[in-house]
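Engineer: sequence first, then the predicted structure:
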Amino acid sequence: MSPGAPNVDQAELDKFEALAHRFWDPDGDFRPLHRLNPVRAQFILERARVADARILDVGCGGGLLAESLHAAGGAVTAIDLAPAMIDAARLHAAQGGLAIDYRVASADSLAAAEPHSFDIVVCMELLEHVPDPAAMLSSFAQLARPGGHVFVSTIHRNLRSFLSAIVAAEYVLRLLPRGTHEYERLIRPSELARWGRAAGLTLLEIAGLDFDPFSDRCALSRDPSINYLAHFASAQRP
């Protein structure tokens with residue numbers, strides 16, 4: 001990625017832009033996200049004070065997690081570079097009377113405009129879709145206040161995740177549209193931890209995020225070999 005270029009892959013963005021109108025169908029293309037969302041939200045709620053916190057949701061899509069964190073008392077700003085996703089999020093929030101600040105914006109532009117402004121930064125299922133995930137971690141570190149929290153979720157890169165998250169999920173069970181994930185872009189926890197350290201973030205915890213398509217259930221686990229969540233702390237100001 002060249003200096004100053006936006007940290008976005010337009011082809012990846014176009015994939016999700018085309019599906020935005022289906023985002024809030026719990027049994028449609030985003031069914032796995034609807035099942036994962038309560039567990040992801042609970043992971044955050046158990047590790048950070050959400051009530052009255054200023055929260056940023058990066059790559060918010062149609063607003064699933066943003067709405068959950070708003071319901072828990074957070075003051076939520078949510079950003080995405082897909083305008084159709086932001087439109088879907090705003091419409092759903094308006095129907096529920098929810099005061100969520102949705103914006104078409106990038107993490108790096110917001111970090112430049114509002115550095116160290118958020119108590120909690122969350123980014124779910126986005127890092128594996130951007131050209132430079134390490135730079136994205138740096139943006140999160142700039143966005144979080146000293147002593148704040150950063151939560152991310154992504155997918156491990158190994159044979160098991162390839163068979164489960166790509167072959168099974170996209171081609172056999174058709175839980176996700178084909179081409180949603182590219183194996184080379186998946187992220188090992190060791191890589192994520194290294195990028196976090198370089199950005200000034202301290203990795204506190206990694207947890208597996210298991211989804212059983214047959215029982216339609218999701219739960220945390222100790223096994224991060226497929227989907228996983230990571231909790232970072234941002235550095236205290238000297």
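Structural biologist: Structure received. Small disclaimer: the values here were computed from a predicted structure and weren't measured. Residues are numbered from 1 along each chain as shown.
Engineer: would you map the helices across this structure?
Structural biologist: Under the criterion DSSP state H, the chain contains helices at 10-19, 31-45, 64-71, 83-96, 107-113, 133-143, 159-161, 189-199.
Engineer: out of the ones you listed, flag the one nearest E170.
Structural biologist: helix 31-45 (10.7 Å; C-beta to C-beta). Any C-beta I mention is one placed from the backbone N, CA and C, and that applies to glycine too.
Engineer: from the contact counts, what lies against the closest one?
Structural biologist: Using 3 or more C-beta pairs under 8 Å, 6 or more residues apart in numbering; DSSP states H and E, the elements in contact with helix 31-45 are helix 64-71, strand 118-124, strand 144-155, strand 201-212, strand 217-221, strand 227-234.
Engineer: quick one, what contacts A105?
Structural biologist: 79, 81 (C-beta atoms under 8 Å, 6 or more residues apart in numbering).
Engineer: also G96?
Structural biologist: By C-beta under 8 Å, 6+ apart, the contact set of G96 is E67.
Engineer: with A71 as the reference, measure out to it.
Structural biologist: For G96, the distance to A71 (C-beta to C-beta, to the nearest Å) stands at 9 Å.
Engineer: if we ignore the residues flanking it in sequence, what's nearest the spatially most central residue of the chain?
Structural biologist: In the chain, the centroid-proximal residue (C-alpha atoms, centre = their mean) is M124; its distance is 1.3 Å. Counting by C-beta to C-beta, 6 or more residues apart in numbering, M124 lies nearest to S153, which is 4.5 Å off, once chain neighbours are set aside.
Engineer: I figured that neighbour hits E125, correct?
Structural biologist: Yes: the pair S153 / E125 is scored as a contact, 5.9 Å apart, by C-beta atoms under 8 Å.
Engineer: what confidence value was assigned to F30?
Structural biologist: Here the pLDDT value assigned to F30 is 87.
Engineer: let me fix that, I meant to ask about G4.
Structural biologist: 55.
Engineer: next, show the common contact partners of G96 and A71.
Structural biologist: Contacts common to G96 and A71, judged by C-beta under 8 Å, 6+ apart, are absent.
Engineer: quick one: end-to-end distance for stretch 42-52.
Structural biologist: 17 Å (C-alpha to C-alpha, to the nearest Å).
Engineer: now the helices of the chain in TSV, with distance to T180?
Structural biologist: What follows is the helices of the chain, written out as TSV (distance: least, C-beta to C-beta, whole Å):
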stretch	distance to T180
helix 10-19	7
helix 31-45	10
helix 64-71	16
helix 83-96	15
helix 107-113	21
helix 133-143	17
helix 159-161	13
helix 189-199	20
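Engineer: quick one: which of these is nearest L229?
Structural biologist: Per C-beta to C-beta, nearest to L229 of the helices of the chain: helix 31-45, 5.4 Å.
Engineer: what sits up against the closest one?
Structural biologist: Under C-beta under 8 Å, 6+ apart, the answer for helix 31-45 is 25-26, 50, 61, 64-65, 68-69, 72, 120, 122, 124-125, 149, 151, 153, 169, 175-176, 207, 209, 211, 213, 216-220, 227, 229, 231.
Engineer: buried stuff in it?
Structural biologist: 31-37, 39-41, 43-45 (16 or more other C-beta atoms under 10 Å).
Engineer: distance to F140 added to the residues you listed, as JSON lines?
Structural biologist: Shown next, in JSON lines, are those (distance: C-beta to C-beta, whole Å):
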{"residue": "R31", "distance to F140": "27"}
{"residue": "P32", "distance to F140": "24"}
{"residue": "L33", "distance to F140": "20"}
{"residue": "H34", "distance to F140": "25"}
{"residue": "R35", "distance to F140": "25"}
{"residue": "L36", "distance to F140": "20"}
{"residue": "N37", "distance to F140": "20"}
{"residue": "V39", "distance to F140": "21"}
{"residue": "R40", "distance to F140": "16"}
{"residue": "A41", "distance to F140": "18"}
{"residue": "F43", "distance to F140": "16"}
{"residue": "I44", "distance to F140": "14"}
{"residue": "L45", "distance to F140": "19"}
